[in-house]
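Visitor: When you get a sec, could you give me coordinates for this:
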Amino acid sequence: MNTQDQIEKFKQLKYDLTRFMMIYKFALEEIETKIEILKQEFQMLHDYSPIEHTKSRIKSPESIMNKMLRKNSELSLPAIKASIKDIAGLRITCSFISDIYQVSAMLQKQDDLKVLGVKDYIKNPKPNGYQSLHLLVEVPVFLSDCQEHVCVEVQIRTIAMDFWASLEHKIFYKYSQSVPEHLTRELKNAADKAYELDLQMERLHREIKEIKDAQGDDSDEELRRIIINNQQFNLPANFIKLLGE
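Guide: Coordinates of the predicted model:
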């Protein structure tokens with residue numbers, strides 16, 4: 001193969017890889033848009049959102065290649081797509097455990113998302129104490145010349161679970177995956193305490209909601225006011241009555 005042929009081959013490989021990585025970026029943006037819509041819907045209708053924040057990432061080509069080498073798999077784009085399901089990842093952080101399952105249910109009801117798998121590490125934590133709910137979903141991405149179906153891994157966890165997981169990752173990274181046994185025990189103990197905190201906050205959240213519902217303190221002024229995109233609209237006195245007729 002002469003030099004010009006090598007250049008052309010390299011250009012084609014670069015184009016194919018760019019397109020490959022691009023569809024995962026678009027799939028993440030599709031999911032993030034869905035999450036933002038759900039977040040705004042709850043904030044507007046219920047003055048509360050089960051979603052605190054989100055964070056997305058795409059594996060680098062180097063990370064993808066290393067993972068394929070560890071698996072002794074073929075280094076081709078079709079093989080990568082079939083073998084690695086977490087190239088695109090989205091983490092959703094919620095306030096309460098009940099929020100996790102509510103967000104999961106809402107995502108699974110989206111008609112254009114196909115759920116490929118669910119792993120519940122909250123009901124069944126990993127041996128080290130890790131807790132989170134993992135969804136593997138297939139997202140349709142519409143390009144100029146075709147439609148691609150792309151896998152995205154969605155992790156849903158509470159603030160406490162996310163705090164523990166982030167620090168656990170830093171500790172393991174520092175020790176190059178070889179953590180002394182006594183630290184492993186302490187990390188597991190910390191995960192148990194974080195879960196106890198989640199349960200306590202869940203109980204407080206439920207009790208406060210029950211008190212608020214019992215008080216029924218919605219004033220006539222509040223009932224006649226809606227807020228959309230930070231803009232307030234005051235409804236005419238007979239507006240709701242006319243809609244109900």
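
Visitor: C-alpha from now on. contacts and neighbour counts both.
Guide: Fine.

Visitor: Which elements pack onto the longest helix seen in the chain?
Guide: As assigned by DSSP state H, the longest helix anywhere in the chain is helix 3-46. For helix 3-46, the packing partners by 3 or more Cα pairs under 8 Å, 6 or more residues apart in numbering; DSSP states H and E come out as strand 51-58, strand 88-94, strand 133-142, strand 147-158.

Visitor: can you give me the offset of that helix from its chain's centre?
Guide: Centroid separation between helix 3-46 and its chain, computed with Cα atoms, centre = their mean, to the nearest Å, is 16 Å.

Visitor: so Glu210 is in which element?
Guide: Secondary-structure element containing Glu210, defined by DSSP states H and E: helix 181-215.

Visitor: before we move on, back to that, nearest to Leu77, out of the helices and strands packed on helix 3-46?
Guide: Of all those, it is strand 147-158 that lies closest to Leu77, at 12.9 Å by Cα to Cα.

Visitor: residues making contact with the closest one?
Guide: Contacts to strand 147-158, defined as Cα atoms under 8 Å, 6 or more residues apart in numbering, come from residues 23-24, 27-28, 85-97, 100, 104, 131-142, 198.

Visitor: Go ahead and build a ChimeraX selection from the buried members of the residues you listed.
Guide: Selection of buried members from the contacts of strand 147-158 for ChimeraX, criterion 16 or more other Cα atoms under 10 Å:
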select :23,24,27,28,85,86,87,88,89,90,91,92,93,94,95,96,97,100,104,131,132,133,134,135,136,137,138,139,140,141,198
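
Visitor: Would you convert the helices and strands packed on helix 3-46 into TSV that also reports mean pLDDT and distance to Lys81?
Guide: As requested, the helices and strands packed on helix 3-46 are arranged in TSV below (pLDDT from 0 to 100; distance: least, Cα to Cα, whole Å):
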stretch	mean pLDDT	distance to Lys81
strand 51-58	94	13
strand 88-94	97	11
strand 133-142	96	12
strand 147-158	96	8
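
Visitor: Fine by me, thanks again.
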